[in-house]
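J.: fold the following.
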Amino acid sequence: MNEPQVTRMALCSLQVCVPKTFTDAQVEEFANTEHPTGISSQWQMRHTGDASLNGAPERAQCDFPGREDCCHIMLDC
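T.: Sure thing, here's the model as predicted:
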(Lines give C-alpha, C1' and ligand atoms only; values in the text may rest on other atoms or scores of the structure.)
Protein backbone atom coordinates (compact mmCIF):
# COMPACT_ATOMS: atom_id res chain seq x y z
CA MET A 1 0.00 0.00 0.00
CA ASN A 2 3.02 2.29 0.15
CA GLU A 3 3.34 2.50 -3.62
CA PRO A 4 4.12 6.03 -4.78
CA GLN A 5 1.21 7.83 -6.40
CA VAL A 6 0.29 11.15 -7.94
CA THR A 7 -2.39 12.70 -5.73
CA ARG A 8 -2.97 16.14 -7.24
CA MET A 9 -2.25 17.64 -10.66
CA ALA A 10 -2.39 21.22 -11.89
CA LEU A 11 -0.95 22.99 -14.90
CA CYS A 12 2.42 23.78 -13.31
CA SER A 13 2.33 21.86 -10.03
CA LEU A 14 2.04 18.26 -8.94
CA GLN A 15 1.60 16.57 -5.57
CA VAL A 16 2.85 13.05 -4.96
CA CYS A 17 2.47 10.68 -2.04
CA VAL A 18 5.62 8.59 -1.66
CA PRO A 19 7.32 6.46 0.99
CA LYS A 20 9.20 8.61 3.52
CA THR A 21 12.39 6.76 2.55
CA PHE A 22 12.37 8.23 -0.98
CA THR A 23 15.24 10.60 -1.65
CA ASP A 24 14.64 13.91 -3.43
CA ALA A 25 16.03 12.35 -6.61
CA GLN A 26 13.64 9.38 -6.34
CA VAL A 27 10.68 11.72 -5.84
CA GLU A 28 11.55 13.72 -8.96
CA GLU A 29 12.27 10.57 -10.99
CA PHE A 30 8.88 9.09 -10.03
CA ALA A 31 7.02 12.32 -10.87
CA ASN A 32 8.76 12.76 -14.22
CA THR A 33 8.25 9.10 -15.18
CA GLU A 34 4.66 8.74 -13.95
CA HIS A 35 3.36 12.10 -15.17
CA PRO A 36 5.76 13.86 -17.60
CA THR A 37 5.26 17.61 -17.91
CA GLY A 38 5.00 17.55 -21.70
CA ILE A 39 7.26 20.60 -21.93
CA SER A 40 11.03 21.10 -21.87
CA SER A 41 11.23 21.59 -18.08
CA GLN A 42 10.78 18.69 -15.66
CA TRP A 43 9.18 18.41 -12.24
CA GLN A 44 11.32 19.72 -9.39
CA MET A 45 10.57 19.50 -5.68
CA ARG A 46 9.62 22.51 -3.65
CA HIS A 47 12.08 22.84 -0.79
CA THR A 48 11.85 24.45 2.64
CA GLY A 49 11.83 28.21 2.24
CA ASP A 50 10.04 28.13 -1.14
CA ALA A 51 7.35 30.82 -1.02
CA SER A 52 4.92 28.46 -2.77
CA LEU A 53 4.88 26.21 0.30
CA ASN A 54 3.33 29.03 2.37
CA GLY A 55 5.29 27.90 5.42
CA ALA A 56 4.31 24.23 5.08
CA PRO A 57 7.04 21.58 5.31
CA GLU A 58 8.45 20.21 2.06
CA ARG A 59 7.42 16.71 3.22
CA ALA A 60 3.98 16.54 4.84
CA GLN A 61 2.72 13.45 6.63
CA CYS A 62 0.09 11.51 4.67
CA ASP A 63 -3.14 11.19 6.70
CA PHE A 64 -4.68 8.42 4.59
CA PRO A 65 -5.21 5.21 6.63
CA GLY A 66 -2.58 2.59 5.87
CA ARG A 67 -0.10 5.14 4.47
CA GLU A 68 1.52 6.23 7.72
CA ASP A 69 4.95 5.55 6.18
CA CYS A 70 4.28 8.03 3.36
CA CYS A 71 4.47 11.77 2.87
CA HIS A 72 3.10 14.32 0.42
CA ILE A 73 5.52 16.39 -1.63
CA MET A 74 4.79 19.27 -4.02
CA LEU A 75 6.68 19.74 -7.27
CA ASP A 76 6.70 22.49 -9.91
CA CYS A 77 7.74 22.64 -13.55
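J.: contacting residues around the closest residue to Cys70 other than its chain neighbours?
T.: Spatial nearest neighbour of Cys70, chain neighbours left out: Cys62 (4.1 Å); criterion: Cβ to Cβ, 6 or more residues apart in numbering. Using the backbone N, CA and C atoms, a C-beta is placed for each residue, glycine as well. With contact set as Cβ atoms under 8 Å, 6 or more residues apart in numbering, Cys62 has these partners: 17, 68, 70-72.
J.: how about Gln5?
T.: Taking Cβ under 8 Å, 6+ apart, we find Gln5 in contact with 16-18.
J.: any chance you could map the helices in the protein?
T.: 24-34 (DSSP state H).
J.: any stretches of it with poor pLDDT?
T.: The chain contains residues with pLDDT under 70 at 1.
J.: residue boundaries of the strands in the protein?
T.: Taking DSSP state E, the strands of the chain run over residues 5-9, 13-19, 44-45, 60-61, 70-76.
J.: please identify the deepest-packed of these.
T.: With neighbours defined by mean count of other Cβ atoms under 10 Å, none of the strands of the chain is more surrounded on average than strand 70-76, at a mean of 21.
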